[in-house]
Each structure stands twice: as structure tokens, then as C-alpha cells.
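1. What follows is a protein structure lacking sequence information:
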């Protein structure tokens, strides 16, 4: 009986090791806000913290391609230290998307630009979706958990999400 139990535990352990790890996905449902203009109402934040990159999807209630739009996402990798980042993606009518990584300077979502290849942003106005991607190699503290928060930063009429903690997993597209 003891051999059967040992064989069963060993088989389960090997099965668990054979299953590929998946990146943890976190979601914050923000809901509709009242009296927010187009491009300023976040309804959902979804993030994947993969081995190769942090990928974030921000869904809006209404994205209008004829209006200027900006989204900023705080990325705070753990272990906890003073290093935090902000990914800023801006879309202006008639212009290409500009997405950049900033070294955060406090909780106002401002910062100093960091030169890092692979930081990307895309805007899908039909789906109300903004996607940003930051390679893990751009983040100095490549920890096991990342804390994220998105904002439209339009003063009192803007919107922001709750904080979201996402464990680091394997590299899989978001």
C-alpha cells in the first residue's frame, strides 16, 4: 500500500511539473462613470505579468478618434523598493500613437522618460481598447508580483482604476 501511495504522489508531482506555467492575469472592473467625456471613462483594466513582458489592456466606455486621448499605467514591480514606472500612451487625431516608459516621480503619474526598446502601445477605437506592452528587461526590479493602476489623467473629469496585483508567470500573449 505504501508503494502505491508513493507511486501516486510521484506521478502527481511529475504531472504538475509537466504542465506549462501560465502568466497570472488580473482584472479590475471599473464600471461606467457619470458625466465623463469620451476618452475619459475606463471600464476595465486587464493585465498579464509574463516572463518576457507586462501586457496591459485598458477598455474605455467611449473612445473617440477625433479627440485627444491619453492613458497612463503605473507599473510597480516587487520586491518593494522605490522604483516605480509609468507607461504613457497618447493618441492625437491625425497622428501616430506615442507610447513611452517613464521612471515615476511620485503618485501623480508623472516621470522622467526612459529609453527602452520594445515598449509598445496600440489603440483600437472600434473596440474601445488600448493595449500597452513593457518588456521585463525595462523594469529594474523584476519581481514576482507587479502592482498596476490605470488613469486617464484629465483632472476631475478623468478616471482611474483600483490597484491590481498580478503575479509573474510565463510569457504568453495577453
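-> That came in fine, so what should we check first? Keep in mind it's a predicted model, so treat the numbers as computed, not measured.
2. Please make it C-alpha for all contacts and neighbour counts, starting now.
-> Fine.
3. pLDDT below threshold where in this structure?
-> 1-35, 79-81, 107-108, 141-143, 153-157, 170-174 (pLDDT under 70).
4. Strands along that one, start to end?
-> With strands called from DSSP state E, the chain shows them at 25-29, 42-49, 53-60, 69-77, 85-91, 98-104, 111-114, 120-124, 129-135, 145-151, 164-167.
5. Output these in TSV, with mean neighbour count appended to each entry.
-> As requested, the strands of the chain are exported to TSV (neighbours: other Cα atoms under 10 Å):
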stretch	mean neighbour count
strand 25-29	16
strand 42-49	25
strand 53-60	24
strand 69-77	24
strand 85-91	24
strand 98-104	21
strand 111-114	14
strand 120-124	18
strand 129-135	21
strand 145-151	22
strand 164-167	20
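6. if we compare those strands, which one ends up closest to residue 158?
-> strand 145-151 (7.3 Å; Cα to Cα).
7. Could you list every helix and strand in contact with the closest one?
-> Contacting strand 145-151 under the criterion 3 or more Cα pairs under 8 Å, 6 or more residues apart in numbering; DSSP states H and E are the following elements: strand 42-49, strand 69-77, strand 164-167.
8. Now distance to residue 158 too, for the strands of the chain, in TSV please.
-> Supplementary listing: the strands of the chain in TSV, determined by distance: least, Cα to Cα, whole Å:
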stretch	distance to residue 158
strand 25-29	16
strand 42-49	9
strand 53-60	12
strand 69-77	10
strand 85-91	15
strand 98-104	19
strand 111-114	19
strand 120-124	18
strand 129-135	16
strand 145-151	7
strand 164-167	19
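9. Kindly state the beta-bridge partners for the closest residue to residue 47 other than its chain neighbours.
-> Leaving aside its chain neighbours, residue 47 sits nearest to residue 56 (4.3 Å; criterion: Cα to Cα, 6 or more residues apart in numbering). The residues listed as beta-bridge partners of residue 56 by DSSP bridges are residue 47, residue 132.
10. Would you confirm that residue 56 contacts residue 129?
-> No. Residue 56 sits out of contact with residue 129 when judged by Cα atoms under 8 Å, with a separation of 10.2 Å.
11. Common neighbours of those two, please.
-> In the contact map built from Cα atoms under 8 Å, 6 or more residues apart in numbering, no residue is linked to both residue 56 and residue 129.
12. re earlier: residue 36 is nearest to which of the strands of the chain?
-> That would be, of those and by Cα to Cα, strand 42-49, which comes in at 9.7 Å.
13. If I take the closest one and strand 53-60, what angle do their directions form?
-> Our comparison of strand 42-49 with strand 53-60, counting by axes from the mean of the first three to the mean of the last three Cα atoms, to 10 degrees, yields an angle of 170 degrees.
14. Use 669 as the first number from now on
-> New numbering, starting at 669: the last item is strand 710-717.
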